[in-house]
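Provide a 3D model corresponding to the input given below.
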Amino acid sequence: MEHNVRRPLLEIARYHRSESDAREYVGQIAARLGVSNFKSKLASGKSVTISTGGKPFIVNLRAEVHQARVTGVPPSMQGLVDNSDRLMPPPISLGVSARGIAKISVTVGSHTATIDGDGILESPVVALAGDVLYYRQETVAASAEHQLQLIARAYRTYLQVCISLVDAFLGHATFALAEINSKIATTEDFRKIQSAAPFEDRIEAWCRLFSHPPESFRKTKNWSDLSKLRQQRNRYVHPAEPTYSLGVDEIVNVLNQCRDGVGGTLEYLRKIAGLDPYLSYIQKIKTAPIIKKVT
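I've put the predicted structure just below:
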C-alpha cells in the first residue's frame, strides 16, 4: 500500500555563500588583516598567523572559508574586523540566572546597563539580525508539516524584525556617533534620525547627514526591497482591512528580500557614512540562504 507523504511547501539552501564567494570574501578579509598569498596558503591547508598588536592570532583558512559558507562570515577573522570598527556594537550576549542574588553591569561609552538578578544583556542589532535568520528558518520548518498558522506566525514576526533591525541600526549608530563627535549631535538631521519621525524621513536624514542625496538611495534595489518588506509588515501592524490573506506563493520572494532590503540597506547606509560595510551581522543577513517553493 502506498502512503501519500506530503512534501514541504518551502525549502532553504544549505549555505549562505557558494564556495567561490566564500573564498573571495575570506580573501578580502585576509588581505585587510595583512595575510599575503591567500590562495596558496588556503591550498596548503596550513594555519596562518595574524598580527594583532598583542598575542599572535592563529587561524585555519580552510575552516574560515567553510564557516563563511555556512554562516556568511569567517568567525575568527570577522571578529577582528568587527572589533576594529568604531560603530560596531559590543559583542555582548550575556544571560544571567542567579536567582536574584547577583548584579552585573556593562558600560558602553556613557551608557551603563545593569542586570539585577535573572536577565540578559545583548546588542539589539546583533540580536535582531539573529531573529531575522531564525524566523526565516521557522517559516520553512513549519512548511514541512503544512502548519499554515505557524507559517503565518513566523512570517509576520520575520517581517517585523526586518524593519526593527534597520531601526535599531539607526538608534545604535547615532548613539555611537554622538559618543565620538558631540558636534554632530547638534545638527538638524541627527536630531531627525533620533526622533519619532516616520521611518522614511529618518532614512533620508541619515543620507543628508553625510551629504548623500536621498533620491540616489531611493533608486536602488535595496530601497525597493526594503519598501516591499515595510508594505507587507504594515498589512499586519497597520491593517486597513478586517482580514488578512496570505498565500505561500506570495511569501517566497518576501522571505528573500531581507538580503538586499535589510542587509544591502545597512551596507549602503554605512558606505555613504564612510564606514566599513563588512560587519558580521550585516553580512549574515545579506547572504541569508535562499528560500524556494518546493515544486
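
show me the residues around Ala185 that make contact.
174, 177-178, 191 (CB atoms under 8 Å, 6 or more residues apart in numbering). The way it works is simple: take the backbone N, C-alpha and C, and place the C-beta from them, glycine included.

Could you pick out the buried ones from the residues you listed?
With burial judged by 16 or more other CB atoms under 10 Å, the buried subset of the contacts of Ala185 is 174, 177-178.

any idea how this protein splits into domains?
The record's domain parsing of the chain by automatic domain parsing lists 10-84, 90-122, 124-293.

Now tabulate the buried ones among the contacts of Ala185 in TSV and tack on distance to Asn256.
Shown next, in TSV, are the buried ones among the contacts of Ala185 (distance: CB to CB, whole Å):
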residue	distance to Asn256
Thr174	29
Leu177	31
Ala178	35
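
Closest one to Glu11 out of the residues you listed, please.
Nearest to Glu11 among the buried ones among the contacts of Ala185, counting by CB to CB, is Thr174 at 39.2 Å.

Buried ones in the strand or helix carrying the closest one, by neighbour count?
According to DSSP states H and E, Thr174 maps onto helix 148-180. By neighbour count on 16+ other CB under 10 Å, the buried set for helix 148-180 is 151-152, 154-170, 172-178.

and if you look at stretch 111-128?
Of the residues in stretch 111-128, 115, 119, 121-123, 125-128 count as buried by neighbour count, 16+ other CB under 10 Å.

Could you do stretch 267-277 as well?
Within stretch 267-277, judged by 16+ other CB under 10 Å, the buried ones are 267-270, 272-273, 275-277.

what's downstream of the helix or strand of the chain with the lowest mean pLDDT, the next helix or strand?
When the helices and strands of the chain are scored by mean pLDDT, DSSP states H and E, strand 93-96 comes last with a mean of 60. Moving toward the C-terminus from strand 93-96, the next helix or strand (DSSP H and E) is strand 103-108.

So which other helices or strands are in contact with the very next helix or strand once past that next one?
Later in the chain than strand 103-108, the nearest helix or strand by DSSP H and E is strand 111-116. Packing contacts for strand 111-116, counted by 3 or more CB pairs under 8 Å, 6 or more residues apart in numbering; DSSP states H and E, involve strand 103-108.

Between strand 111-116 and the strand it packs on, find me the angle.
Relative orientation of strand 103-108 versus strand 111-116 (axes from the mean of the first three to the mean of the last three CA atoms, to 10 degrees): 170 degrees.

Does anything pack onto strand 103-108? Which helices or strands?
Using 3+ CB pairs under 8 Å, 6+ apart: strand 103-108 touches strand 93-96, strand 111-116.

let's see 7 Å
strand 111-116 (3 or more CB pairs under 7 Å, 6 or more residues apart in numbering; DSSP states H and E).

Can you tell me what sits against the strand it packs on?
Residues from elsewhere that reach strand 111-116 (CB atoms under 7 Å, 6 or more residues apart in numbering): 96, 103-106, 121.

what about burial for the residues you listed, which qualify?
Among the contacts of strand 111-116, the ones that count as buried by 16+ other CB under 10 Å are Leu121.

With only the CA atoms kept, save the strand or helix carrying Val48 in PDB.
Val48 is part of strand 47-50, with elements assigned from DSSP H and E. What follows is strand 47-50, C-alpha atoms only, in PDB (Å, rounded to 0.1, in the frame of the first residue of the first chain):
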ATOM      1  CA  SER A  47      47.200  27.700   9.600                       C
ATOM      2  CA  VAL A  48      48.300  31.300   9.300                       C
ATOM      3  CA  THR A  49      49.400  33.800  11.900                       C
ATOM      4  CA  ILE A  50      47.800  37.300  12.000                       C
END
